[in-house]
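S.K.: sequence first, then the predicted structure:
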Amino acid sequence: MTASLRPRVMGIVNVTPDSFSDGGRFLDPRQGFEHARRLIAQGADILDIGGESTRPGAAPVSAEDEAARVLPLIEAIRAVSDIPISIDTMKPAVARAAVQAGATIWNDVAALRFSPDAPEVAADLGCEVVLMHMLGQPGNMQDEPRYDDVAAEVEAFLLARAAAAMAAGVAREKIWLDPGIGFGKTLAHNLALLAALPRFVALGYPILLGASRKRFIAGVDPSADQATDRLGGSLAAHLAGAAAGVAAVRVHDARETVQALDVWAAIQAAAGTTVS
Ligand SMILES: Nc1nc2ncc(COP(=O)(O)OP(=O)(O)O)nc2c(=O)[nH]1
C-alpha cells in the first residue's frame, strides 16, 4: 500500500558455493528457484541474481561457469514472473546472456571497470546499470583501506564512472549508483558512507544500498559474528537509507525488510496529519 513512498526491495539470490552469508544454499537451480519464489512471495520488488561471490578470497569463476549458474534460474523465473531481475556480474558476456534471458538490470560491483568493453556493452544492451564503488579488486580491497575523505572520494568515483558510462552511450536515466558498503572500507568508512547517504541521493541518480548482513554490523555489535545474526543491524542501515531517500535496498531478508519499510512509510504518510 505504501510501496511508492519507500525504497524498493531487491532480494538476493546467490547461486554460488561461497557467498559470505548464504553460500551454497541455492547453488542447485531448484533451490535457487524456490528461494526466488519465496522472495517474491515476501514482497521483493526486484531479484538480484549472482553467480560469483564478491567477498575477499572468493574463488574466481569463468564466464561460462557463471553463466551456467545464473541463466537457468533467470529463465525459470521469467517463465513464471515479470518481476524485474538484475544480474550481479562483473563480466560483460554474462550480463549480455542474462539480459537476453530476461534480466533488465546489470548490477556491476566493478562499475564497468574490469573489462575494457563493459561500458560499450552496457550501452548496447540498453539495460539499467548499477555502478558500485569498490576500492581496488575483491581480492585486496580489505587490505588496510585508506581514504582522505571517504564520502568525497566515493562520490567522485561514482560520478566519474557515470560519466564514463554515458560517454560510451549509456542513457543517464538508466544509471544507478551504489556506495559499495563493505567493499574496501573499515567500520568507520562504512558508517561515514551510511551517514552521507543524503549526499549521494542529492547527486540525482537512484541510489542502491546493500548493507544486508555485512561485517560492519559486527563491528557495532561484536556478538553478531554470524552473518545470519545481523538482521537488526541490516534493518537499521536500510531504514537510514529510506530516510535518506535511497531508491532501493539489496537484502537477504525480504519479508522483514518489507515490513520495516512499510511501517516506516506509514509513519511518514501520517506526518503532519491531525488525528482525532
Ligand atoms: N550493487 C551491489 N551489489 C552487491 N553484490 C554483492 C554484495 C555482497 O553481498 P552478497 O551477495 O550477500 O555476498 P557475496 O558477494 O559473497 O555473494 N554486495 C553488493 C552491494 O552492496 N551492492
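M.R.: Yep, it's here.
S.K.: next one: phi and psi at residue 50?
M.R.: phi -130, psi 140 (degrees, to the nearest 10).
S.K.: in the sheet, which residues pair with it? Tell me.
M.R.: With DSSP bridges as the criterion, residue 50 is bridged to residue 14, residue 88.
S.K.: touching, it and residue 16? I think so.
M.R.: Yes. Between residue 50 and residue 16 there is a contact at 6.5 Å, judged by C-beta atoms under 8 Å. (C-beta placed from N, C-alpha, C; glycine too.)
S.K.: neighbour count winner among those two?
M.R.: Higher neighbour count among residue 50 and residue 16: residue 16, with 27 against 23, using other C-beta atoms under 10 Å.
S.K.: measure residue 137 to residue 70 for me?
M.R.: 21 Å (C-beta to C-beta, to the nearest Å).
S.K.: ok, those two, which is more surrounded?
M.R.: residue 70 (27 against 15).
S.K.: helix, strand, or coil at that one?
M.R.: helix (DSSP: H, G, I helix; E, B strand; the rest coil).
S.K.: the nearest residue to it once chain neighbours are set aside: neighbour count?
M.R.: Spatial nearest neighbour of residue 70, chain neighbours left out: residue 51 (4.1 Å); criterion: C-beta to C-beta, 6 or more residues apart in numbering. Here the number of neighbours of residue 51 (other C-beta under 10 Å) works out to 26.
S.K.: what of residue 111?
M.R.: Close neighbours of residue 111, defined as other C-beta under 10 Å, add up to 25.
S.K.: just the pLDDT at it, thanks.
M.R.: Looking at residue 111, its pLDDT is 98.
S.K.: and the strands in the stretch 151-276 of the chain?
M.R.: 175-178, 208-209, 248-251 (DSSP state E, counting those that start in this stretch).
S.K.: by contact count, what packs against the shortest one?
M.R.: If I follow you right, that is strand 208-209. strand 175-178, helix 231-244, strand 248-251 (3 or more C-beta pairs under 8 Å, 6 or more residues apart in numbering; DSSP states H and E).
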